[in-house]
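In: quick one, what's the 3D model for this:
(one chain, ligands or ions: 1)
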Amino acid sequence: MMLRLGRVPAVIVSSADAACEIMKNQDLIFSNRPKMIIFDKIIYGSKDIALAPYGEHWRQVRSICVLQLLSNKRVQSFRFIREEETSVMVGKIRDSCSSSSSSIDLSDILVSLSNGIVSRVSLGWKYSGGEESRKLELMFKELGELSGTFNPGDYIPWLKWINRINGLDARVDKLAKCFDEFWEGVIEEHKNQKNRENKVNESSNKAGGLDLVDILLKIQRENMPSFDIGTDVIKAVIFDMFGAGTDTTSTALEWAIAELLRHPRTMEKVCNEVRRVAGSKLEVTEDDLEKMPYLKAVIKESLRLHPPLPLLLPRESTQDSNVMGYDIAVGTRVIINAWAIARDPMLWENPEDFYPERFFNTGIDFKGLNFEFIPFGSGRRGCPGILFAIAVNELALAKLMLNFNFALPSGEMEKDLDMSEAHGTTVHKKLPLLVIATPH
Ligand code: HEM
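Out: Model (predicted):
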């Protein structure tokens with residue numbers, strides 16, 4: 001579908017074939033990102049990875065993050081952090097079960113889990129549970145709300161003034177300042193080794209090696225001629241790890257558990273699989289996950305119905321092109337509707353049903369090669385955090401299924417569970433997921 005959003009020509013892509021044309025066959029032409037005023041102010045003029053224009057800066061920062069944080073080898077090396085943090089999550093739920101028989105807010109617990117893991121690997125210690133972590137969570141919450149606000153200046157530049165009148169500019173400036181102070185504090189702590197050692201010992205014990213901030217500071221000190229890494233770049237890249245990595249991961253888990261609550265037979269099947277594999281050990285580790293095909297299919301099926309970024313991230317064409325017979329002018333904004341593609345009845349049988357078994361014997365995966373299923377996007381700008389996110393989600397789901405029986409708060413029927421979606425770039429449940437957890 002072709003549209004004009006103010007002065008910006010736009011194309012909405014809702015078919016797998018067109019997505020393949022854009023993200024594979026003509027990927028280079030469509031690898032730019034449009035400038036978005038709100039994010040641009042908060043992420044230092046888009047000096048991060050996710051919103052950086054296509055080019056040398058983007059290539060450099062993306063490859064540093066992939067190499068140091070998101071490659072298969074690095075993701076494996078963080079295994080002990082995932083195991084510790086998922087155990088903390090289980091402990092937290094057990095404590096709330098024993099202290100009260102009322103429901104718990106599982107959404108909140110999942111946010112803490114993903115924040116805890118991302119902060120330990122990026123910053124070397126955990127921002128979780130304390131005042132600092134609360135502050136960071138609130139800043140990202142405000143950003144989520146702002147990102148769901150229509151900003152006329154993105155589409156009609158001369159209307160930018162409206163944001164001064166309606167208060168949007170003031171909100172964005174205030175938030176940008178809060179984020180900047182926060183990241184400044186993180187960098188200062190890293191420079192001050194003594195402070196840092198205390199903090200690492202307090203809350204992260206074994207994570208004493210170099211974290212992402214250390215690595216970025218080291219690259220800055222080495223002053224590589226090919227890459228000028230200013231402090232703004234360091235802040236923008238850390239921002240991305242939280243902005244792109246935490247909400248998406250916890251949202252994916254939140255939807256998976258909500259679907260399981262609505263489908264008790266599926267919940268029973270996945271619990272049986274996990275408990276059978278755990279056997280007398282009464283524990284699961286990452287080595288066990290390979291023996292859990294049903295759990296993996298549940299995660300896929302949930303990502304199919306509820307991709308956390310249903311419209312991926314917008315792209316922009318850098319030259320005139322033709323896609324499936326349609327002329328697309330340079331500077332066109334391209335929005336890929338991964339949500340609609342994953343529910344296309346021409347591609348999926350009974351697409352609205354939650355049916356994990358559909359992934360058995362198909363080979364369809366989310367790695368960006370099957371364009372009917374692209375929750376992580378595809379091509380050059382595809383998500384570099386797939387391995388990281390899936391490792392967290394599989395282990396967390398397995399531990400939840402092993403340790404608890406979950407039910408809806410009293411009186412609520414499965415079919416009544418509210419599955420409405422909140423506004424924002426990352427689409428989580430509108431209402432928090434409240435559950436009764438009984439230790440198994
Ligand atoms: C379930 C969890 C996640 C989902 C569903 C998800 C989804 C996505 C999507 C759809 C994109 C845009 C892809 C495109 O334009 O083709 C993206 C980009 C990105 N993601 Fe993820 N993501 C997840 C987790 C993570 C994690 C854990 C990290 C890092 C810690 C991460 C880092 C990034 C970055 C840096 C980009 C920008 C890539 C670029 O523009 O070059 N993501 N993600």
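In: how about the residues of the stretch 101-250 of the chain by the ligand?
Out: When proximity is defined as C-beta under 6 Å from any ligand atom, the stretch 101-250 of the chain approaches the ligand at 118, 240, 241, 244, 245, 248, 249. C-beta: built from backbone N, CA, C; applies to glycine.
In: residue 47 is in contact with the second one, correct?
Out: No: proximity of residue 240 to residue 47 does not meet the contact threshold set by C-beta atoms under 8 Å, at 9.8 Å.
In: quick one on the thing from earlier: farthest-apart pair in the residues of the stretch 101-250 of the chain next to the ligand, please.
Out: Using C-beta to C-beta, the pair of these lying farthest apart is 240 and 249, separated by 13.6 Å.
In: so for those two, which residue has more residues nearby?
Out: residue 249 (27 against 22; other C-beta atoms under 10 Å).
In: continuing past the strand or helix carrying that one, what's the next helix or strand?
Out: Using DSSP states H and E, residue 249 sits in helix 231-262. With elements assigned by DSSP H and E, the helix or strand that comes after helix 231-262 is helix 264-278.
In: avg pLDDT for that next one?
Out: For helix 264-278, mean pLDDT is 97.
In: following it, which helix or strand comes up?
Out: Note on helix 264-278: by DSSP H and E, the next helix or strand toward the C-terminus is helix 293-305.
In: distance check, the residue at minimal distance from the centre of the chain against residue 390.
Out: For the chain, residue 248 is the residue whose C-alpha lies nearest the centre (C-alpha atoms, centre = their mean; 2.3 Å). Remark: distance between residue 248 and residue 390 (C-beta to C-beta, to the nearest Å) = 11 Å.
In: also residue 51?
Out: Distance of residue 51 to residue 390, given as C-beta to C-beta: 23 Å.
In: do the same with residue 190
Out: Separation of residue 190 from residue 390 (C-beta to C-beta): 29 Å.
In: quick check: closest non-adjacent residue to the residue of the stretch 151-300 of the chain at minimum distance from the ligand.
Out: Of all residues in the stretch 151-300 of the chain, residue 245 sits closest to the ligand, at 2.8 Å by C-beta to the nearest ligand atom. Among residues not flanking residue 245 along the chain, residue 118 sits closest, at 4.9 Å (C-beta to C-beta, 6 or more residues apart in numbering).
In: wait, that neighbour touches residue 243, no?
Out: No: the pair residue 118 and residue 243 does not pass the contact test of C-beta under 8 Å, sitting 10.0 Å apart.
In: list the buried ones in stretch 309-329?
Out: Neighbour counts using 16 or more other C-beta atoms under 10 Å place 309-318, 321, 323, 328 of stretch 309-329 among the buried residues.
In: and the ligand, which of the residues you listed reach it?
Out: Okay, of the buried residues of stretch 309-329 touching the ligand (C-beta under 6 Å from any ligand atom), that's 309, 312, 313.
In: in strands only, show me the residues you listed.
Out: Among these, DSSP state E puts none in strands.
In: how about low-confidence regions in this protein?
Out: 6, 99-101, 126-129, 152-156, 158-159, 193-209, 225-226 (pLDDT under 70).
In: which residues in it form strands?
Out: Counting by DSSP E, the segments of the chain that form strands are 2-5, 8-13, 104-105, 315-316, 321-323, 326-328, 333-336, 404-407, 434-439.
In: okay, those strands in TSV with distance to residue 345 next?
Out: Converted to TSV, the strands of the chain look like this (distance: least, C-beta to C-beta, whole Å):
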stretch	distance to residue 345
strand 2-5	23
strand 8-13	17
strand 104-105	35
strand 315-316	26
strand 321-323	23
strand 326-328	23
strand 333-336	19
strand 404-407	31
strand 434-439	32
